[in-house]
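Q: Pasting the sequence and the predicted coordinates here, then a few questions.
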Amino acid sequence: MSAREHRIYNPAMECIDREELRKLQGKRLVETVKREYENVPMYRARMDAAGVKPEDIRGLDDLKYLPFMEKTDLRDYYPFDLLASPKRDIVRIHGSSGTTGKPIVSGYTRNDVDVWSEMMARTLTAAGCTSEDIVQVCYGLGLFTGGFGAYQGADKLGAMVVPMSSGNTQRQIMMMKDLGSTILCCTPSYATYLGETIREMGIDPEKDLKLKAGCFGAEPWTEEMRERIEQLLCIDACDIYGLTEIAGPGVAFECLEKHGMHINEDHVIAEIINPATGEQLPYGMPGELVFTTITKTGMPMLRYRTHDICTLTDDKCACGRTLARMGRITGRTDDMLVIRGVNVFPSQIESVLVSAEGVAPHYMLIVDRVNNSDTLEVQVEMTEDMFSDTIGHIENVRKYITGQIKSVVGIATNVKLVAPKSIPRSEGKAKRVIDNRKL
Amino acid sequence: MFIKQISVFLENTVGALRELTELLGKGGIDLLALSIADTQSFGIVRLIVSSADVDKAMQLLKEGGCIAKVNHVICAAVPDRPLGLCELLTVIEQADLSVEYMYSFLRNTGDGQAHMILRLNDGQKAARVFNMKNITLLSQEDVDKL
C-alpha cells in the first residue's frame, strides 16, 4: 500500500512542520477571535459573559478559554446575525437542515469559497486526481455543500468536471461510460448502488469504465462498505469529511493510505473534548470533535461543537503529510441521524407533528438500510381526528403528514399509521429512534 | 334509509383482527356484516351490528383502546341471481354516483335477495335515485331483523 505514489496539492502546508503549524494556527486564531469579537455581537456577549477578552487569546494554548458555538446558534441567529463580514462581501450561501423547522445557512466571502476550493483540491489530489482527470460529481448541486464543493475543487485542479448532481442512475452510468469519468464524488451508499447497478447491467468496470478513485462522504460508513465499493467499481475509495458550518466537504480527507482523514489544519483547528465537561482531551482519546475556523471571514466558527465522536492522531502518515488525522465517526453525542447524506433531527419531525392539527405528537423513527439506501419510517399514532371509514381519506392524511415532513426535513419518509397508544411513553427522555442499520 | 356502521382502525399486524373480534365477541356483540379494507400498513374494519348493540360496541372499542367511529351507510337489496348486482351498479353509474366501498351481509335470509352495504360519494342523492328506480333500501329496523 505505502509503495504507491502519493500526490500532494500543497506540500508547503500539507507537510508543514507541526511546530510551525502550531504557530500559524495561533496567529490565525488571534486574528479570527478579534474579527469575531468586533463584528458579531452574539459572540462578543458570550466572550464577555465568560470574562474573556480578545487580548487574552494570544495563541493556540488559549483556545480552551473560548466559549463554544452550537448548531442552535445558527438557528437562533439565522440567517445573517453571525456574519463577521458586511453582507455585500458575501458571495454565496449554503445550508443544511437545522434542529427544527428552519434550515441553517452559512455565508461565504470570496476568500471562504477560495479556501474551501483549496481544501477540496487537496482532497481530490490525495485520491489521485490531476488536471488530466474527469470528475463526475453526483452529490446534489444546490444549497447542500456536497456538489459545489466537489465541483470547485476539481475546477481548481483544472480537471474536467461533469456536474451530474444526484439521481438518475441510468444516465449517471451512461455518462460515466461515454465520457470515461475517472473520479467519482458521491455518498458511499450511492457509490455502492451505482456499483451494483453497473454489475447488473453487465458492465465490467475494468474494461468498460475508466474510474480509478472516489471521494465519498456526507454519511458514516464502514471498512466493509469500502471493500465492497472498491470491488464493485475497481477503484480506490477514500473517505471525506465536512460540514456546512465549517466549510463543506474537504474539511478532512483520506489519502490513498486510507488510514484516517487528514484535517486541513492550516484552515481549521480540531479539538477533541469530553462532551459532558467540555474539557480538552489528548490525541488518541475518543470524544467530541470541535472545530475552529481560522481563515474564514464570512461566518467564522469558534469552537463549534460537531457532536460527532471520533479520535485524533498526529502520527506522521506514510503519505508524507504531517496534518493530523481523524478516525471514522463512531457515534453522536446528540440524536442527529444521517439519512441518505441528509442530517435529520428527531426534533424536526416532532415540530411537524405538533403543528399538524389532529395529529398525535407521539412518534417513533425506524431507520434501516435497504439495497444500500437509507430508509426512514415515521410511526405516527392514529387519532379520532385522522380516522375515517375510507382508505382514501386516511391515505390523504398520511400524504399530508409525509409532505409536511418532507418540506421541513428535505427527504422522503415512509409515514406509518399505528394503533393508538402503541408507541411507548416514557418519563424523562423518550426513546424516539430505532436504528437498524449495521454500521 | 341509512343504517349505522362502525369502522375501526387496525394496524396491519398479526392477531389484530382476532383481538378485535374477541373484544366484541366477549362483550356479547354479534356481527351482522363485516368488511376489511387494507393497505400495506393499516386496515379499516367496517362492521354492522344490531342498532341496540351500537353504543355498547363503541364503548367496548373505546375501552379496548381502539379508534372507532359510527357513520351511516346505505343497505340495498338486490336480486340474488346473475346480473343482480350489475343492475344496481348500472343505476349508480347512470346517476353519476360512485361507490366508495361495498360489501354484503353475512346472512342469507332465504328471500332471494342479497343485501349490499354501500357507501357512495353522495348518500342523499343515492337514496333519491334508488327510490325512483324501485330499489329496496333496508331501514335500520329491517337490518336488525335480518
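A: Yep, that arrived. Residues are numbered from 1 along each chain as shown, chains lettered A, B, ... in the order given.

Q: Show me what residue of chain A gets nearest to chain B.
A: Ranked by CB to the nearest CB, the top residue of chain A for proximity to chain B is A:Asp389, at 3.7 Å. Yep, even glycine has a C-beta here, placed from its N, CA and C like the rest.

Q: ok, that residue touching B:Ser7?
A: Yes. Counting by CB atoms under 8 Å, B:Ser7 is a contact partner of A:Asp389 at 3.7 Å.

Q: what about the residue of chain A closest to chain B, neighbour count?
A: 24 (other CB atoms under 10 Å in any protein chain shown).

Q: sorry, back to before: got any residues that touch both of A:Asp389 and B:Ser7?
A: B:Ile44, B:Arg46, B:Lys69, B:Asn71 (CB atoms under 8 Å, 6 or more residues apart in numbering or on different chains).

Q: Would you tell me whether the host helix or strand of the first one gets close to chain A?
A: Secondary structure assignment for B:Ile44, by DSSP states H and E: strand B:42-49. Yes. Contact between strand B:42-49 and chain A, assessed by CB under 8 Å from any CB of the partner chain, occurs at B:Phe42, B:Ile44, B:Arg46.

Q: Now do that strand: which elements does it pack against?
A: Here strand B:42-49 touches helix A:391-409, strand A:414-418, strand B:2-11, helix B:16-26, strand B:31-38, going by 3 or more CB pairs under 8 Å, 6 or more residues apart in numbering or on different chains; DSSP states H and E.

Q: The first one near chain B at all?
A: What it means is helix A:391-409. Yes. Residues of helix A:391-409 contacting chain B under CB under 8 Å from any CB: A:Ile391, A:Gly392, A:Ile394, A:Glu395.

Q: between the residues you listed, which has the most around it?
A: Busiest of the residues of helix A:391-409 next to chain B [other CB under 10 Å] is A:Ile394, holding 20 neighbours.

Q: Now it. Nearest residue, chain neighbours left out?
A: A:Ser388 (5.8 Å; CB to CB, 6 or more residues apart in numbering or on different chains).

Q: I'd say that neighbour and B:Ser7 touch.
A: Yes. A:Ser388 lies in contact with B:Ser7 (CB under 8 Å); the separation is 7.5 Å.

Q: Pick out whichever of these two has more residues nearby.
A: B:Ser7 (22 against 17).

Q: ok, that one to A:Tyr400 distance?
A: 20 Å (CB to CB, to the nearest Å).

Q: One more: B:Gly64?
A: For B:Gly64 relative to A:Tyr400 (CB to CB), the value is 28 Å.

Q: And for A:Gly327?
A: 43 Å.

Q: repeat for B:Arg107
A: Taken as CB to CB, the span from B:Arg107 to A:Tyr400 is 39 Å.

Q: mind showing which ranges of the stretch 101-250 of chain A have poor pLDDT?
A: Within the stretch 101-250 of chain A, the stretches with pLDDT under 70 are A:101.

Q: which residues of it fall in strands?
A: With strands called from DSSP state E, counting those that start in this stretch, the stretch 101-250 of chain A shows them at A:103-109, A:134-137, A:160-163, A:183-186, A:213-216, A:236-242, A:249-254.

Q: What values do phi and psi take at the residue nearest the centre of chain B?
A: Per CA atoms, centre = their mean, the C-alpha nearest to the average position across chain B is that of B:Ile117, at 4.5 Å. Main-chain dihedrals, B:Ile117, degrees, to the nearest 10: phi -100, psi 130.

Q: And the helices in the stretch 51-200 of chain A, which stretches?
A: A:71-76, A:110-126, A:145-157, A:169-179, A:188-200 (DSSP state H, counting those that start in this stretch).

Q: Most tightly packed of these?
A: Highest mean neighbour count among those (mean count of other CB atoms under 10 Å in any protein chain shown): helix A:145-157, with a mean of 26.

Q: Also compute the angle for it relative to strand A:236-242, please.
A: Angle, helix A:145-157 to strand A:236-242, by axes from the mean of the first three to the mean of the last three CA atoms, to 10 degrees: 110 degrees.

Q: Show me what helix A:145-157 is packed against.
A: By 3+ CB pairs under 8 Å, 6+ apart, helix A:145-157 packs against strand A:90-97, helix A:110-126, strand A:134-137, strand A:160-163, strand A:183-186, strand A:249-254.

Q: Let's have those in CSV, adding distance to chain B.
A: Formatted as CSV, the helices and strands packed on helix A:145-157 follow (distance: least, CB to the nearest CB, whole Å):
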stretch, distance to chain B
strand A:90-97, 26
helix A:110-126, 42
strand A:134-137, 36
strand A:160-163, 37
strand A:183-186, 30
strand A:249-254, 36
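
Q: could I get these as TSV with distance to B:Gly25?
A: Formatted as TSV, the helices and strands packed on helix A:145-157 follow (distance: least, CB to CB, whole Å):
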stretch	distance to B:Gly25
strand A:90-97	49
helix A:110-126	67
strand A:134-137	62
strand A:160-163	64
strand A:183-186	56
strand A:249-254	61
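
Q: Can you read off the pLDDT for the residue located most distally from the centre of chain A?
A: No residue in chain A sits farther from the centre than A:Asp389, which is 44.6 Å out by CA atoms, centre = their mean. Among the per-residue scores, A:Asp389 shows a pLDDT of 93.

Q: Beta-bridge partners for the closest residue to chain A within chain B, please?
A: Chain A sits closest to B:Ser7 of chain B, with a gap of 3.7 Å, by CB to the nearest CB. Following DSSP bridges, B:Ser7 is listed with bridge partners B:Arg46, B:Lys69.

Q: And the pLDDT for it?
A: 96.

Q: about what we covered before: so which of the residues of helix A:391-409 next to chain B is the closest to A:Ala121?
A: Among the residues of helix A:391-409 next to chain B, A:Glu395 lies closest to A:Ala121 (CB to CB), at 49.3 Å.

Q: pretty sure the closest one contacts B:Thr39?
A: Yes. Contact criterion CB under 8 Å: A:Glu395 and B:Thr39 qualify, at 7.1 Å.
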